[in-house]
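Here's my sequence, what's the structure:
(one chain, ligands or ions: 1)
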Amino acid sequence: MDENQDGPLPDLLSSKQPTTDQSWGKVGIKFEGISLLVRNAKGERKEILSNLHGLFPCGQLSAIIGPSGSGKSSLLEVLAGLQKPSKGCVLPQGQKRRLIAQECVFPEVLTAYEALTMAAALKLDAPVADRRVAVRRVLRSLNLTQCAATQCGSLSGGQRKRLSIALELIDEPPVLLLDEPTTGLDYVSGMRCVRLLQDLSRTESRTIVCTIHQPSALILELIDNIYLLASGRCLHKGSVDSLLPKLGSFGLSCPKYHNPADFALDVACGEHGSEVVDLLAQQQEIVLAPADFPCELDKKDKGPATSFFTQFSVLLRRSLFVMVQDRVLTVTKILVHIVIAIVLGVTFYNFGHDAARVFNNGALLVCLQIFLLFSNLIPTVLTFPLEKAVFKREFSNCWYSLEAFYLARFVAYLPLSTFNSIIFTSIVYWMTNQPLQVDAFFITITSAVLTGLNAQSMGILVGTVTSLVNGLFLASLSGIPQFVFCGYFITLSTTHNVIKVIAHCTSYTLYSYHAMVATIYGQDRPKLHCDDFYCYFRSPKKFLDFLGVTDEGVGVDLAIIFGFLLAINLATYSVMKYKYAHLQR
Ligand SMILES: Nc1ncnc2c1ncn2[C@@H]1O[C@H](COP(=O)(O)OP(=O)(O)OP(=O)(O)O)[C@@H](O)[C@H]1O
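The predicted structure is shown next:
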């Protein structure tokens, strides 16, 4: 496409290095007539970007500047394809554009080298040797070689910024969009970061666009083009050198020794009058006739570069690796299961075969359910927000599909949860002297494992729909029906039908508890040992009758708990699919 022949945009950014047809074809980003409408909390429509046009040439560093709330991040998100503009389009379509958000989130226990190696495996459909070369190249070009062996959680602010750029550079996207790359950095680190961006744009003819809140005079010298925004309208676009002459032509002269960027921001804030802001904005607005406006909304880029299987296996390896590296959390989880099992074992020692302790033994099985519920639910609610933040960054930049992430996450956490449930239940089972029959033991363990997996899945659902604080509250609430309706406190056969329906539809512990009680006290178990003069529940069948449980439907109970597991995971996957649809490209 020849930009010079493109009539509707006479005021394209002038460039220090002229943009050739060839380079525009390769990279460069152009947008026409971009408007963005949002609805506020009251449902009122508000235009936050208004009829914006521009072009950021390749091989140059461009900055979007403007006062807080002027629409810089929103424009960047539109350019990245994460927000669909209400009007207008971004060209060329289907182009790989990567957005680096302000916040740098990584799996904290991975080293910079490991994070890059995993990124390379996910993003490059290439042999291992080539991927290693790519990793070394970005480590060198972003000056990260010294800290390659440092865990992400221990990197400095500047190193984290550079790592987040390196992670996106590994598959060499032609356009890199950065939201406030200097925020949180000291003056020198901020300068280094912008100089690095300038180098990257120069050496590999890449289009680099960043938002910068308040560039210092020295940072401004490193920038080629400025796009000045005020309340969603463009006041100036062009080379940095053209900024002051442009403002001067409107009678606005920058005081001597004043940073031009600060002066431009003063103007954009309306410090020199709102009329001049309107005049500047009107001059930038180009009214396009429909015939001049043939482009469709930006098409999605091609999606992840690697196959589903590669994405799944790399993500699985990464999750398992993170789990192994995060020894404190993993070992603590295992130890907590063992310690609590021993405490329960000591407290309910030998109750399993004692006819006088049948009620207490029933309560033990409730404790078992509730412990497995919360030991799986709460850690997931606490740890999932970081996983979610990493997922959002990587998913929005087309590293992998939601399906690959979801499946890998589920499979990765399966062994630890299963192991913990088995070890916990086995200790309790043995110490409390439950029947030594293979099928009773096997069914109790299976129910326990399924309860744990259901709780963990519920934790992801809660973590997906809400924040950490609300999630903890919601997770505790979600535990209430599991506790109340587990079948020990209320005999459901004698309750109102509505309660019955609610209990059966919400409580997987009801089925898990049923399966455990039925297998422990059913199957024609002989009379229990009784030390007292009289034990009402000497015959185990009596206890089952009392609870309204039969020992015939154990298989159905297990199948229903499994059904719950599928349903919760399907619901979580659907919520994620809907919630993150706008991030998918
Ligand atoms: N979903 C939304 N609903 C309502 N208003 C919104 C929504 N998203 C953004 N806005 C508003 O749009 C304006 C532009 O927001 P944006 O985050 O793009 O500004 P910004 O220039 O990046 O600000 P800052 O420099 O402070 O980060 C702000 O006034 C913001 O409140």
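
Thr150: neighbouring residues, count only.
Residues contacting Thr150 under the criterion other C-beta atoms under 10 Å number 16. Heads up, the C-betas are built off the backbone N, CA and C, glycines and all.

And the strands in the stretch 1-150 of the chain, which stretches?
In chain order, the stretch 1-150 of the chain shows strands spanning 29-39, 45-56, 61-65, 87-91, 97-100, with DSSP state E, counting those that start in this stretch as the criterion.

and the ones you listed, which is most packed in?
strand 61-65 (a mean of 25; mean count of other C-beta atoms under 10 Å).

Establish whether that one and the ligand are in contact.
No: figure legend: strand 61-65 not in contact with the ligand (C-beta under 6 Å from any ligand atom); closest approach 8.3 Å.

Each with direction, which strands does that strand pair with?
strand 207-211 (parallel), strand 225-230 (parallel) (DSSP bridges).

mind listing the helices for the stretch 251-400 of the chain?
Ranges of helices in the stretch 251-400 of the chain, per DSSP state H, counting those that start in this stretch, are 260-268, 274-284, 308-325, 327-347, 358-396.

Read off the pLDDT value for the residue in the stretch 101-250 of the chain that the ligand sits nearest to.
Closest residue of the stretch 101-250 of the chain to the ligand, C-beta to the nearest ligand atom: His213 (5.6 Å). His213 is assigned 82 on the pLDDT scale.

List the residues that contact it.
By C-beta atoms under 8 Å, 6 or more residues apart in numbering, His213 lies in contact with 65, 68, 180, 182-183.

Identify the farthest-apart pair in those.
The most widely separated members of the contacts of His213 are Ser68 and Thr182, with 14.9 Å between them, by C-beta to C-beta.

higher neighbour count, those two?
Neighbour count, other C-beta under 10 Å: between Ser68 and Thr182, Thr182 has more, with 25 against 9.

My guess is the more buried one contacts Leu196. True?
No: applying C-beta atoms under 8 Å, one finds Thr182 not in contact with Leu196, separated by 11.1 Å.

Pull the contacting residues for the most centrally placed residue in the chain.
Centroid-nearest residue in the chain: Lys388, 2.5 Å away (criterion: C-alpha atoms, centre = their mean). Counting by C-beta under 8 Å, 6+ apart, Lys388 makes contact with 463-464.

do the same with the one 4 residues further on
When the contact criterion is C-beta under 8 Å, 6+ apart, the partners of Lys392 are 580, 583.

And Leu536, how far from Phe562?
That one is not Leu; residue 536 is Tyr. Distance from Tyr536 to Phe562, counting by C-beta to C-beta, to the nearest Å: 35 Å.

Which residue comes closest to Arg97 once chain neighbours are left out?
Among residues not flanking Arg97 along the chain, Val175 sits closest, at 4.1 Å (C-beta to C-beta, 6 or more residues apart in numbering).

May I have the beta-bridge partners of the one you found?
Beta-bridge pairing for Val175 (DSSP bridges): Arg97, Thr207.

Under the pLDDT cut-off, which ranges of the chain? List them.
For the chain, applying pLDDT under 70 flags the ranges 1-27, 285-302, 585.

and it, which residues reach the ligand?
Counting by C-beta under 6 Å from any ligand atom, the chain sits next to the ligand at 38, 40, 46, 48, 66, 68-74, 213.

Which two among those are spaced furthest apart?
Asn40 and His213 (23.5 Å).

Leu386: what's it in contact with?
Neighbouring residues of Leu386 by C-beta under 8 Å, 6+ apart: 105, 107-108.

got it, and Leu155?
112, 147, 163.

Most neighbours of all those residues, which one?
With neighbours defined as other C-beta under 10 Å, the most crowded of the contacts of Leu155 is Ala112; it has 28 neighbours.

correct me, but that one touches Thr145?
No: counting by C-beta under 8 Å, Ala112 stays clear of Thr145, with 9.4 Å between them.

shared neighbours of the two, which are they?
Common neighbours of Ala112 and Thr145 (criterion: C-beta under 8 Å, 6+ apart): Leu139.

Arg409 contacts Thr383, doesn't it?
No: with contacts defined as C-beta under 8 Å, Arg409 does not count as touching Thr383, sitting 11.2 Å away.

And the residue of the stretch 101-250 of the chain closest to the ligand, how close does it get to Phe537?
As judged by C-beta to C-beta, His213 and Phe537 stand 72 Å apart.

For Gly43, grab the count of nearby residues.
Neighbours around Gly43, by other C-beta under 10 Å: 6.

For Ser231, list the residues it contacts.
Counting by C-beta under 8 Å, 6+ apart, Ser231 has contacts 69-71.

Quick one: the strands paired with strand 61-65 as a markdown table, columns for distance to Asp532 too.
Formatted as a markdown table, those follow (distance: least, C-beta to C-beta, whole Å):
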| stretch | distance to Asp532 |
| --- | --- |
| strand 207-211 | 77 |
| strand 225-230 | 83 |
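
now these as TSV including distance to His337 and mean neighbour count?
Formatted as TSV, the strands paired with strand 61-65 follow (distance: least, C-beta to C-beta, whole Å; neighbours: other C-beta atoms under 10 Å):
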stretch	distance to His337	mean neighbour count
strand 207-211	47	27
strand 225-230	54	25
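
Asp557 is nearest to which of the ones you listed?
Asp557 lies closest to strand 207-211 among those, at 56.0 Å (C-beta to C-beta).

Helix or strand next in line after the closest one, which one?
Later in the chain than strand 207-211, the nearest helix or strand by DSSP states H and E is helix 217-222.

If you count neighbours, what's buried in stretch 327-341?
333, 337, 340-341 (16 or more other C-beta atoms under 10 Å).

Out of these, the closest to the ligand would be?
Among these, and counting by C-beta to the nearest ligand atom, the member closest to the ligand is Lys333, at 38.1 Å.

Run through the residues that contact that closest one.
Lys333 is in contact with 375, 379, 416, 420, counting by C-beta under 8 Å, 6+ apart.

Among the residues you listed, which one is most surrounded by other residues?
Using other C-beta under 10 Å as the neighbour criterion, Asn420 leads those with 23 neighbours.

got the contact list for that residue?
Asn420 sits next to 333-334, 337, 375, 452 when contact means C-beta under 8 Å, 6+ apart.

again, only this time at 10 Å
330, 333-334, 336-338, 341, 372, 375-376, 448-449, 452 (C-beta atoms under 10 Å, 6 or more residues apart in numbering).

One more: Phe395?
By C-beta under 10 Å, 6+ apart, Phe395 lies in contact with 304, 388, 401-402, 404-405, 576, 580, 583-585.

Of those, just the buried ones, ChimeraX syntax please.
Buried subset of these, written as a ChimeraX selection, criterion 16+ other C-beta under 10 Å:
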select :304,388,401,402,404,405,576,580,583,585
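
ok, Lys246 - how many residues close by?
For Lys246, the count of nearby residues is 18 (other C-beta under 10 Å).

make that Ala281, sorry
Other residues within reach of Ala281, judged by other C-beta under 10 Å, total 21.

these two touch, right, it and Gly232?
Yes: between Ala281 and Gly232 there is a contact under C-beta atoms under 10 Å: 9.4 Å.

Between the two, which contacts overlap?
Counting by C-beta under 10 Å, 6+ apart, the residues touching both Ala281 and Gly232 are 50-51.
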